[in-house]
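Participant: this one's structure only:
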Ligand code: HEM
């Protein structure tokens, strides 16, 4: 009987055809990285299915019309070749990142980063890797992290790369965008209208940022000052009566209330009532999941189909929607941040689309609350561990603003020690510890970059390790890991340097808690206002001490889920004696 196996009629071993097809698939994926699941799955399942059909011998034996073994063998050979080829290329000397050292498993697969991010300990892991491999470490097949301030300007400055793929998959909503012009690294979780922080394209980002910039200019900040002031007084009053509190949680409630007041027309009372809607836990859970998914953004397309996927995110979006509708119905009574983000003044030529207002409203609370709360919590942890520094700060505040007086922004210009303490807390515990990723926008080989002394090719995801550079003795010495606010005063020549001149290093370009360049933190003026005002009132008017039994595990409890998540800070608070 005639053999109908078409592959057997050509003088080529069917195995060669299957292996070659898998290698061509690797090349195709490497070059085009299909964005849609239908496209990707039709290639990954279609090719081996077709090859199975072609290699079925339907002529010899009717039983072979059920060619389970051949189909199985075709699939196994195809996928083994495909995976083997990808793995071999990634660890080979031909890979563009071959000369950058890093853990073998990280070079092989992004799964390594998925696991690291899931543990919440990337910041500790990266510190160990820098010790072992140096200032640039390959942390993924196409990814590096850099601990060198020379990388900041070229990567994040005006001629730097766009936001990395990670951010753009964090808060998906709305219709899909055309990803066809973006390179492999820009995979997103169908983030059609990404929040400002995830807008990769420079001009689009600059356009979106205009309303935000107006929302944090000096005139806008003057409007917010009374709102912050009111909440600081409320916090001070509540803490004066509470006794034992988790100060870290209280700062979370306080910053959330401030952001809701300024960005969403108010409507929350966490300082007095706690966290009844569980919003802070929802934000934490969202950040953790999103940071893991961001390592393999393509998976979001498939996860989204699962029931219950993104439930936390939806709760957060529902909260933003509720507050948005309330604020809109209320109308413009004051020039809050919403006034600027929704362009209630009508400055923009086109009205701001509602989906953009909603997406950015969620960003207001996500970006603006836990970040500031982390710095406040760390600052109080360091101050309570070191009563001499607490007293020195209190003396400065008393001097410029005695008890009973209202503390206003005018007082802060002269409070150098307050500024030094805040900077030092942000140096030791930046709320975005492992940096904000960047990636070239288009697959253009000319877009490779020198990051200081290191060349990285386009197609690389790159981050500057903020915690790493801020604690590197090459940038801050002596005592790089200790809370030593005096370094900021020495650097400004306000006090004598207590160590021999050669031992003092203060590299201000390596201090980037708010990041750097056109995509850096737009909310910095508000964050600084909250940090100064809150610290000044609490240190001046309250006494604090660690709750008995607290093991001072503050830093060990940190979890890095893009933003730092904090553990408890149990303290006793009382009115100042
Ligand atoms: C101490 C407190 C804060 C710190 C340390 C901090 C830090 C950061 C960092 C590192 C980024 C990433 C920038 C990048 O991608 O390069 C960022 C972005 C951002 N932050 Fe903050 N932040 C703080 C408070 C705030 C506050 C109070 C707001 C108010 C809403 C805010 C709003 C934003 C926004 C909107 C972005 C996105 C900016 C953009 O992509 O253009 N942040 N922040």
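Facilitator: Cool, the structure landed. Predicted, not measured: the structure shown is a model, and the values here were computed from it.
Participant: so who does residue 98 touch?
Facilitator: Shown in contact with residue 98 (Cβ atoms under 8 Å, 6 or more residues apart in numbering): residue 92. (Glycine included, C-beta is placed from N, CA and C.)
Participant: for the ligand, what are the nearby residues on the stretch 51-200 of the chain?
Facilitator: Residues of the stretch 51-200 of the chain found near the ligand (Cβ under 6 Å from any ligand atom) are 156, 163, 196-197.
Participant: Max pairwise distance over those: which two?
Facilitator: 156 and 196 (15.4 Å; Cβ to Cβ).
Participant: These two: which is more packed in?
Facilitator: Shown here are residue 156 and residue 196; by other Cβ atoms under 10 Å, residue 156 has more neighbours (24 against 21).
Participant: Next, residue 350: secondary structure please.
Facilitator: Assigned with DSSP: H, G, I helix; E, B strand; the rest coil, residue 350 falls in the coil class.
Participant: distance of it from the ligand?
Facilitator: Going from residue 350 to the ligand by Cβ to the nearest ligand atom, to the nearest Å gives 20 Å.
Participant: okay, now that residue: neighbour count?
Facilitator: When neighbours are counted by other Cβ under 10 Å, residue 350 registers 6.
Participant: Endpoint to endpoint, stretch 145-156 covers what distance?
Facilitator: 13 Å (Cα to Cα, to the nearest Å).
Participant: I should have written stretch 505-512 there, sorry.
Facilitator: Taking Cα to Cα, stretch 505-512 runs 16 Å from one end to the other.
Participant: For this protein, which residue gets nearest to the ligand?
Facilitator: residue 523 (2.1 Å; Cβ to the nearest ligand atom).
Participant: Apart from its neighbours in sequence, what residue is nearest that residue?
Facilitator: Using Cβ to Cβ, 6 or more residues apart in numbering and skipping the chain neighbours, the partner closest in space to residue 523 is residue 368 (5.3 Å).
Participant: you'd agree that neighbour is up against residue 254?
Facilitator: No. Using Cβ atoms under 8 Å, residue 368 is not in contact with residue 254, being 11.9 Å away.
Participant: which stretches of this structure aren't confidently modelled?
Facilitator: 1-11, 33, 35, 55-67, 165-192, 442-446 (pLDDT under 70).
Participant: Could you list the domains of it?
Facilitator: 6-91, 179-575 (automatic domain parsing).
Participant: Can you show me the strands along the stretch 101-250 of the chain?
Facilitator: 136-140, 143-146, 162-163, 243-246 (DSSP state E, counting those that start in this stretch).
Participant: which strands and helices sit next to the second one?
Facilitator: Packing partners of strand 143-146 (3 or more Cβ pairs under 8 Å, 6 or more residues apart in numbering; DSSP states H and E): strand 136-140, strand 454-456, strand 461-464.
Participant: What of the shortest one?
Facilitator: When contacts are defined as 3+ Cβ pairs under 8 Å, 6+ apart, strand 162-163 sits against helix 202-215, strand 438-439.
Participant: what ranges do the helices span in the stretch 201-350 of the chain?
Facilitator: 202-215, 218-242, 247-264, 270-273, 279-293, 299-303, 311-330, 337-341 (DSSP state H, counting those that start in this stretch).
Participant: buried ones in the longest one?
Facilitator: When you say that, I think you mean helix 218-242. Neighbour counts over helix 218-242 (16 or more other Cβ atoms under 10 Å) mark 220-221, 223-224, 227-229, 231-232, 235-236, 238-240 as buried.
Participant: And for stretch 331-351?
Facilitator: 335-343.
Participant: could those residues go into a markdown table alongside distance to the ligand?
Facilitator: As requested, these are exported to a markdown table (distance: Cβ to the nearest ligand atom, whole Å):
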| residue | distance to the ligand |
| --- | --- |
| 335 | 15 |
| 336 | 12 |
| 337 | 7 |
| 338 | 11 |
| 339 | 14 |
| 340 | 11 |
| 341 | 10 |
| 342 | 14 |
| 343 | 16 |
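Participant: Output these in JSON lines; the columns should cover distance to residue 456.
Facilitator: Listed next are the buried residues of stretch 331-351 as JSON lines, based on distance: Cβ to Cβ, whole Å:
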{"residue": "335", "distance to residue 456": "43"}
{"residue": "336", "distance to residue 456": "42"}
{"residue": "337", "distance to residue 456": "36"}
{"residue": "338", "distance to residue 456": "40"}
{"residue": "339", "distance to residue 456": "41"}
{"residue": "340", "distance to residue 456": "37"}
{"residue": "341", "distance to residue 456": "35"}
{"residue": "342", "distance to residue 456": "39"}
{"residue": "343", "distance to residue 456": "38"}
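Participant: Now the two most distant members of those residues.
Facilitator: By the measure Cβ to Cβ, 336 and 343 form the most distant pair in the buried residues of stretch 331-351, at 12.9 Å.
Participant: about what we covered before: relative to residue 142, which of the helices of the stretch 201-350 of the chain is closest?
Facilitator: helix 299-303 (16.3 Å).
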